[in-house]
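S.K.: any chance you can model this:
(2 chains)
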Amino acid sequence: MERLPPRGLRRLAYEIGWSLRGFFGTFGAGQLFLLRIIADLPYALARPGLVIRQVYVTGVQSLVVIMLAGLFVGMVLALQAYLTLSRFGAEDTIGMVAALGLVRELGPVVTALLFAGRAGTALSSEIGLMRATDQLSGMEMMAVDPIKRVVAPRFLGGVIAVPILTVIFSAMGIFGAWLEAVIILGVDEGAFWSQMQAQVDLREDVMSGIIKSFFFGIAASLLAVFEGYNCVPTAEGVGRATTRAVVHTSLTVLVLNFMLTAWLLGGN
Amino acid sequence: MQQTRAVELGTGLFVFMGILALFFLTTRVSTFDAYSGDGGYELKARFDQIGTLKVRAPVSISGVQIGRVTAIEFDTARLEAVVTMRIASRYGGIPNDSDASILTSGILGGQYIGLQPGGSEEPFRDGDEIMFTQSAVVLEQLISKYLFGQGSRGE
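M.R.: Predicted coordinates for the structure are as follows:
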């Protein structure tokens, strides 16, 4: 360890430089890790049993959380839209407002955030524990590449699960909006569906949401396995890696969401 | 073995639910835009003033939507706005002397193009230009015309 510069501006510059170096170093390591995983994806596809198990672990076990969250997000969206729109006598457009909000934004983003909390943490702590208990080193000793055997199937499982979860979330949300608007608040059912169908476009709204969720799936799965794989192999290190995975995923998803929205919808 | 079956069953149900939800989103929630793409035929119309008409605004006849605005350009030679619209092919027999006007839906609604059928025997063909057009009404011009009109009458 070299000697730190004394206090003052030089020390400040040193600290800033050091943390910038850490940031870009981690960023670059993440990209390289993604390339390694992509290179090993054919191996994961050749053993679909491993991938199916991961889709089950990440997808099916997040299903109840996603469906409940979707239902209540849809219901509150309809309620809030009703409170504002009924002032202008425009409560017929609730279906459209709720559907556009869910399909374009809330579906992909909230699903990715919940996925990071429910499945991403499980992934990174599982891989981190494998690292801490030397299981990954054990695999290397037996000439089994842990990226092929452990990381790639988990990554692929997450990438497959997130878009499916997003679609289920949006559908549940629209069901929740229907429940709140039509059954509880008494909005006309025909107007609810016809306004929605007239304004929601398959290509621009539904497909752009699914494209977004695909990128979010890549980001969430990559960060979870990356943090787990590179954790400090102690009990504390695993805990830190799990926390970092959630925080980084949440921030990445929100930043990525803006960029993807500007790219997909920003043209006009 | 038993556990593997449970995993496969759960995953199968999960993916099936996803497909079901996607089906719901595509059929019940959204519509495929039938007016864009290659189907149908194109018409052009020239206006002095298009107001706030936008690309993708509806084109309708008797209140039924038959197409969409696909492009809006300004012709620097004739100093007019040129609006290109695409009409779905199933609305083929519209008389070629029909006129187009830019109308507003509701008080705050967006602007759209309304066609009034004419009496000609010949229908519009792909690439035709609508000869009779009526420009959008701009609220400020209407108000100022009314105000100045009042003023000059008083003298």
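
S.K.: what are the ranges of the strands in chain A?
M.R.: Assigned by DSSP state E, chain A shows no strands.

S.K.: just the helices in it please.
M.R.: Remark: helices assigned in chain A by DSSP state H are A:9-46, A:48-58, A:63-85, A:94-100, A:107-115, A:121-132, A:135-141, A:146, A:152-178, A:189-199, A:208-229, A:235-265.

S.K.: ok, and the closest non-adjacent residue to the residue nearest the centre of chain A?
M.R.: For chain A, the residue sitting closest to the mean C-alpha position, by C-alpha atoms, centre = their mean, is A:A112 at 2.5 Å. Closest residue to A:A112 apart from its sequence neighbours, by C-beta to C-beta, 6 or more residues apart in numbering or on different chains: A:F216 at 3.8 Å. Using the backbone N, CA and C atoms, a C-beta is placed for each residue, glycine as well.

S.K.: confidence score at the one you found?
M.R.: Listed pLDDT for A:F216 reads 95.

S.K.: that one is in contact with A:V255, isn't it?
M.R.: No - contact criterion C-beta atoms under 8 Å: A:F216 and A:V255 do not qualify, at 11.2 Å.

S.K.: those two: who's more crowded?
M.R.: Neighbours were counted for A:F216 and for A:V255 using other C-beta atoms under 10 Å in any protein chain shown; A:F216 has more, 27 against 11.

S.K.: dump the residue contacts of the more buried one.
M.R.: For A:F216, the contact set (C-beta atoms under 8 Å, 6 or more residues apart in numbering or on different chains) comprises A:108-109, A:111-112, A:115, A:162, A:166, A:253, A:256-257.

S.K.: ok, of the residues you listed, which one's closest to chain B?
M.R.: Checking the contacts of A:F216 against chain B with C-beta to the nearest C-beta, the nearest one is A:T166 at 8.9 Å.

S.K.: report the separation between the closest one and B:Y41.
M.R.: 38 Å (C-beta to C-beta, to the nearest Å).

S.K.: who has more neighbours out of these two?
M.R.: Using other C-beta under 10 Å, the more surrounded residue of A:T166 and B:Y41 is A:T166, with 32 against 19.

S.K.: so what pLDDT did that one get?
M.R.: At A:T166, the model reports a pLDDT of 95.

S.K.: again, but for the one 10 residues further on
M.R.: We have a pLDDT of 94 for A:G176.

S.K.: what's the closest residue to it other than its chain neighbours in contact with, if anything?
M.R.: Among residues not flanking A:G176 along the chain, A:G74 sits closest, at 2.9 Å (C-beta to C-beta, 6+ apart). Neighbouring residues of A:G74 by C-beta under 8 Å, 6+ apart: A:98, A:102, A:172-180.
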